[in-house]
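[1] Pasting a predicted model and its sequence here:
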Amino acid sequence: MKEGVVMDYIESVSPLPNYCLKVKMTNGSSATVDFKPRFQSAKYMLLKDERIFKEVSTDGNYVLWKDGLVKITAKEVMEVILAGE
């Protein structure tokens, strides 16, 4: 990889019912991530508000809410998916 080049890993992210996210990666894989178990963490408490949770977006490297106030990296998303949490 060339210096200064940023790789995008997350193609899209969509909110689903019951505080789940559909995450599609640039390699063509996709997964559903359940965020309810994470609401105990201070990092994710803001996402208990369903209106905020539904305003999810991505810049290719992060899953973002509230203009980056809450964000997780593509690596964190993959760790959650692989752990089956």
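    In hand now; what should we look at?
[2] Could you use CA atoms for every contact and neighbour count after this?
    Fine.
[3] quick one: the helices in the chain?
    Applying DSSP state H to the chain gives helices spanning 50-53, 74-83.
[4] so can I have TSV of those helices showing distance to Cys20, mean neighbour count and mean pLDDT?
    Below are the helices of the chain laid out as TSV (distance: least, Cα to Cα, whole Å; neighbours: other Cα atoms under 10 Å; pLDDT from 0 to 100):
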stretch	distance to Cys20	mean neighbour count	mean pLDDT
helix 50-53	9	14	95
helix 74-83	12	14	77
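[5] So Ala74 sits against Asp59, correct?
    No: at 10.2 Å, Ala74 does not count as touching Asp59 under the criterion of Cα atoms under 8 Å.
[6] Show me what the residue nearest to the spatial centre of the chain bridges to in the sheet.
    When Cα atoms, centre = their mean is applied to the chain, the residue found nearest the centroid is Val63 (3.7 Å). Note on Val63: beta-bridge partners by DSSP bridges are Thr58, Ile72.
[7] quick one: contacts for it?
    10, 13, 56-57, 71-74 (Cα atoms under 8 Å, 6 or more residues apart in numbering).
[8] how much space between it and Val23?
    Per Cα to Cα, to the nearest Å, Val63 is found 9 Å from Val23.
[9] again with Lys75
    Using Cα to Cα, we find Lys75 at a distance of 12 Å from Val23.
[10] One more: Thr58?
    10 Å.
[11] residues bridging contact with those two, i.e. touching both?
    In terms of Cα under 8 Å, 6+ apart, Thr58 and Val23 are both contacted by the residues 10-13.
[12] Quickly name whichever of these is closest to Tyr44.
    Comparing the shared contacts of Thr58 and Val23 against Tyr44 with Cα to Cα places Val13 closest, at 16.7 Å.
[13] Now do Asp59, the pLDDT please.
    pLDDT, Asp59: 93.
[14] burial count for it?
    Residues near Asp59, counting by other Cα atoms under 10 Å, number 14.
[15] start at 482 instead
    Done: numbering now begins at 482, and the last item shifts to Asp540.
[16] what residues do Ala555 and Asp540 have in common as contacts?
    Listed as contacting both Ala555 and Asp540 by Cα under 8 Å, 6+ apart are Ile491.
[17] What ranges in the chain fall below the confidence cut-off?
    Under the criterion pLDDT under 70, the flagged ranges of the chain are 482-489, 564-566.
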